[in-house]
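1. The sequence isn't on hand, but the structure is:
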């Protein structure tokens with residue numbers, strides 16, 4: 001499953017919720033779109049009934065969610081779609097799940113570790129690298145540090161500032 005949004009709070013009295021997007025493709029949110037809602041061990045399917053913009057977020061209405069109480073029950077849940085529903089990515093875009101397990105090396109070819117994940121931080125995307133020493137290090141996913149990504153070889157070449165892997 002690919003996480004696409006997090007339900008943050010109910011909005012109004014008609015069952016809408018305010019969601020924080022965690023996808024680069026907000027165009028997926030259209031009436032009729034099917035999403036999977038999960039929170040802890042709870043899971044349910046939802047169908048988008050309405051979509052409208054709200055500063056920094058989207059307001060979504062779902063089929064069958066008609067009042068604030070029903071909307072409140074969704075708060076804190078994650079909205080996901082199946083991997084098969086992933087939008088085709090542009091050449092320079094990477095889904096976090098596709099980079100997991102890529103080997104990392106420096107520009108001289110020395111092994112640095114394996115990608116454990118790609119996540120979001122307030123400063124931007126961060127690559128989690130499990131070093132050859134067994135530590136997890138966050139590396140900003142920016143052009144200055146990511147020299148090359150070879151999808152075919154499942155390899156990333158990094159140019160890191162001195163001492164970053166020692167933090």
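-> Perfect, thanks for sending it. These figures come from a predicted structure and were not determined experimentally.

2. Sketch out the low-pLDDT regions of this structure for me.
-> 84, 86-92, 167 (pLDDT under 70).

3. Could you tell me which strand of it is the longest one?
-> strand 42-54 (DSSP state E).

4. Just after that one, pick out the following helix or strand.
-> strand 57-62 (DSSP states H and E).

5. Let me see the ranges of the strands in this protein.
-> Taking DSSP E as the test, the strands found in the chain are 2-11, 16-21, 34-39, 42-54, 57-62, 78-81, 103-106, 111-121, 124-131, 136-140, 146-150, 155-158.

6. helices or strands next to the fourth one in the packing?
-> Put plainly, it is strand 42-54. strand 34-39, strand 57-62 (3 or more C-beta pairs under 8 Å, 6 or more residues apart in numbering; DSSP states H and E). Using the backbone N, CA and C atoms, a C-beta is placed for each residue, glycine as well.

7. Could I get the buried residue list for it?
-> Residues of strand 42-54 classed as buried: 46, 48-49, 51 (neighbour count, 16 or more other C-beta atoms under 10 Å).

8. Mind putting the residues you listed into JSON lines with distance to residue 67?
-> JSON lines is the format used below for these (distance: C-beta to C-beta, whole Å):
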{"residue": "46", "distance to residue 67": "15"}
{"residue": "48", "distance to residue 67": "17"}
{"residue": "49", "distance to residue 67": "13"}
{"residue": "51", "distance to residue 67": "19"}
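
9. Next, the contact list for the residue of the chain most remote from its centre, please.
-> Distance from the centre of the chain peaks at residue 108, with 30.9 Å (C-alpha atoms, centre = their mean). Listed by C-beta atoms under 8 Å, 6 or more residues apart in numbering, residue 108 has no contact partners.

10. what pairs with the nearest residue to residue 103 once chain neighbours are set aside across the strands?
-> Excluding the flanking residues, the one nearest residue 103 by C-beta to C-beta, 6 or more residues apart in numbering is residue 155, at 5.1 Å. Counting by DSSP bridges, residue 155 forms beta bridges with residue 103, residue 150.

11. hmm, back to that, next, work out how far apart the residue farthest from the centre of the chain and residue 3 are.
-> Look at residue 108 and residue 3: by C-beta to C-beta, to the nearest Å, they are 36 Å apart.

12. quick revisit: among the strands of the chain, which is nearest residue 164?
-> strand 136-140 (6.7 Å; C-beta to C-beta).

13. Show me what that closest one is packed up against.
-> Counting by 3+ C-beta pairs under 8 Å, 6+ apart, strand 136-140 packs on strand 111-121, strand 124-131.
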